[in-house]
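# Fold the following and give me the result.
(2 chains)
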Number of protein chains: 2
Amino acid sequence: MATIYDVAREASVSTATVSRALRGRPEVLPEVRQRVLAVADRLGYRPNRLAQALARTHANALGLMLPADISHPFYGILAESVARHAIAYGYELVVGLPALPSVESYVEAAVDLQDRRIAGLLVCANSKTIAEYARNRRAGAPPLVALGCLPDVDVPLVTADEEAAGHELTQHLIDLAHRRIGFLGLGPEEVRPSGREHGYLRAVTEAGLPSVLRGADRTMEGGREGAIRLLEGSPGLTAIIAHNDAVALGALRGLFEAGVRVPEDIAVAGFDNIPQSRYSIPALTTVDLSAEEMAQRGLEMLGRHLGFVEGEPDGRLLITPQLVIRDSSGPARS
Amino acid sequence: MATIYDVAREASVSTATVSRALRGRPEVLPEVRQRVLAVADRLGYRPNRLAQALARTHANALGLMLPADISHPFYGILAESVARHAIAYGYELVVGLPALPSVESYVEAAVDLQDRRIAGLLVCANSKTIAEYARNRRAGAPPLVALGCLPDVDVPLVTADEEAAGHELTQHLIDLAHRRIGFLGLGPEEVRPSGREHGYLRAVTEAGLPSVLRGADRTMEGGREGAIRLLEGSPGLTAIIAHNDAVALGALRGLFEAGVRVPEDIAVAGFDNIPQSRYSIPALTTVDLSAEEMAQRGLEMLGRHLGFVEGEPDGRLLITPQLVIRDSSGPARS
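So this is what the prediction gives:
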């Protein structure tokens, strides 16, 4: 059965315009109205009174799919920001969570959420998961915008420029005379290095320095264990870049337990700028990937698809990250 | 317009039984069928085909309402646990978030969520907010269970015994010879002291010690600023109990900046046992309020209301908290 979304897509207009056209509202241009009616007719779309009533009552919400590890504060801040900005457009927020940390579980939860009378969907997860979801969407699912990833599928998205973030953070350490810098947190299940890792690799290569990549769980415990193993396996290392702030905070703890001083003996830095990174001892150098701005720009992009924000609907937006220098990174020990 | 929930309540049966009775399914006893039909007739309930189809597809979810400050990792862990346990009963999880940190915003979001074709609802917020929501529920809203609070209204709930938690943590410090113990984080908007504060007050009173309560934002920044103000205002203080681990981690940072050593000069402790508390420097003494168990028991209680878990549906369950002693609490300096 064709939905209003199918008609909107085929006629290259918003669902709001489809609705207005079918109700004969005067603000729709005659040629647009004609195109919408022709598409609706061809697809056999029949607006249903109850469905319309339900849509009026309940399509006042937007959906946000988060990954399973939402105890990482980055996702909490993202969700908080999305909820706050959504209401400014008159939308409640409904959040979907996968039951388990698997691609399959994420796709199931997202497919459930998209059918829960929401007007549009923001999806946040790694690139592989988002690509899999995009391939599994039914025709006519609500419009989506991906947040915080660069999947190999054609979906509108808003993400931080993670390659630039990785490069800038690494360059900061190179400028402090670090010559052997390790990267901790290469995901074991990732198909390819993340943007952060690419940026790190480009910076060390440009400077003629060796690359030292090491896998670790992307958790505080992964950072605690991994930091020590990284030091043991790489004599002469003077700096560690962790995949995210949680891994970096764990690394601070692991180094403390091993009697290694930060930043005197080794510099440590992360990504995300979660609130905790400002309060750790020492306070953590990191890159702010702008969860707040990501939420805002993602909603604006979704709004252009749904017609509540003016402008062209498609696109990919890269947000410029901000280096945040704190106490955990100092000059390399000589 | 009467809903299937109104009919179910009036006829004292489950919504599934109402649905079966109206469809003439053989597993419904004749007298039950007659009662359901009579109630449906009296209330003017008309099952609608599309609505029935939608209900069949979508009442496979449970709802979880979280408070606005979900970047506190406790809520992330709670949501993760609820999602994992819900799927074991065959339910997806849909999470509602208030747009703003106000009681009104929470109630609006909860009222929206309850109408989003969910079978039942878990609600987590402070007692005042939950009481307000309970008073604003429409007749026939899906069954609810409150998590982590003790509201002054008659709703089923699962929460940690926070009074016992406050008492046990304070007693731990008294046993370490602390004689002047401050409590940081009395909420300025709370109508009355929290359970944690009651437990603290009981313990110091039993020991013949003074009570030192101080308000602070329940954030890391609140802890950072508050710890110093608390010390300045209370000479002789040797221990600080913070309202939660976030406040305690902020206190560790504030004391570090002021050159006050933990635990040598002052002991610090919190509540929740969030993952970060194990990795801070020094690692934080805290009380585990069992987000994981709260999620599991809350779902079981909801399951007894919805019929997917055996047993009596009503009740209030208090979970016994667990004291977790780490490095931030040592003997009082003499």
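# alpha carbons only for contacts and neighbour counts from here, please
OK.
# Tell me the residues of the stretch 151-300 of chain A that contact chain B?
A:220, A:249, A:250, A:253, A:256, A:275, A:276, A:279, A:280, A:281 (CA under 8 Å from any CA of the partner chain).
# try 6 Å this time
A:253, A:279 (CA under 6 Å from any CA of the partner chain).
# residue ranges with poor pLDDT in the stretch 151-300 of chain A?
Scanning the stretch 151-300 of chain A for pLDDT under 70 picks out A:187-192.
# give me the number of residues near residue A:216?
25 (other CA atoms under 10 Å in any protein chain shown).
# Likewise for residue A:328?
The number of residues near residue A:328, taken as other CA under 10 Å, comes to 24.
# Check residue A:226 too.
Residue A:226: 26 neighbours (other CA under 10 Å).
# go on, residue A:293?
Residue A:293 is flanked by 17 other residues according to other CA under 10 Å.
# Then residue A:31?
The tally of other residues near residue A:31 (other CA under 10 Å) stands at 9.
# give me the element it is part of.
helix A:30-43 (DSSP states H and E).
# and if you look at residue A:93?
Per DSSP H and E, residue A:93 falls inside strand A:92-97.
# From residue B:159, how far off is residue A:71?
Residue A:71 sits 20 Å away from residue B:159, going by CA to CA, to the nearest Å.
# Neighbour count for these two, which is higher?
For residue A:71 and residue B:159, the more surrounded residue by other CA under 10 Å is residue B:159, and the numbers stand at 25 against 22.
# Return the residues of the stretch 1-150 of chain A in contact with chain B.
A:70, A:71, A:73, A:76, A:77, A:83, A:84, A:94, A:95, A:96, A:99.
# repeat that with 7 Å
Listed as neighbours of chain B in the stretch 1-150 of chain A under the rule CA under 7 Å from any CA of the partner chain: A:68, A:70-73, A:76-77, A:80, A:83-84, A:87, A:92-100, A:109, A:116.
# Could I get the phi/psi values of the residue nearest to residue A:98 when sequence neighbours are not counted?
Leaving aside its chain neighbours, residue A:98 sits nearest to residue A:106 (4.6 Å; criterion: CA to CA, 6 or more residues apart in numbering or on different chains). With angles defined as degrees, to the nearest 10, residue A:106 sits at phi -60, psi -50.
# So what are the sheet partners of the one helix or strand residue A:286 maps to and their directions?
Taking DSSP H and E as the definition, residue A:286 sits inside strand A:286-288. Strand A:286-288 has its sheet partners listed here by DSSP bridges as strand A:322-324 (antiparallel).
# contact partners of the strand it pairs with?
By CA atoms under 7 Å, 6 or more residues apart in numbering or on different chains, the list of residues contacting strand A:322-324 from outside reads A:169, A:285, A:286, A:287, A:288, A:289.
# Okay, domains of chain A per the record?
Per automatic domain parsing, the domain ranges recorded for chain A read A:4-54, A:55-160+A:291-319, A:162-289.
# related to what we said a few turns ago, in the helix holding residue A:31, what counts as buried?
Buried residues in helix A:30-43, counted by 16 or more other CA atoms under 10 Å in any protein chain shown: A:32, A:33, A:35, A:36, A:37, A:39, A:40.
# before we move on, what about stretch A:302-319?
Neighbour-count burial for stretch A:302-319 flags A:302, A:303, A:304, A:305, A:306, A:307, A:308, A:313, A:316, A:317, A:318, A:319 (criterion: 16+ other CA under 10 Å).
# Could you find the lowest-pLDDT member of those residues?
Ranked by pLDDT, those bottom out at residue A:313 (77).
# what's the spacing between stretch A:62-81 and its chain's center?
Centroid separation for stretch A:62-81 versus its chain: 9 Å, with CA atoms, centre = their mean, to the nearest Å.
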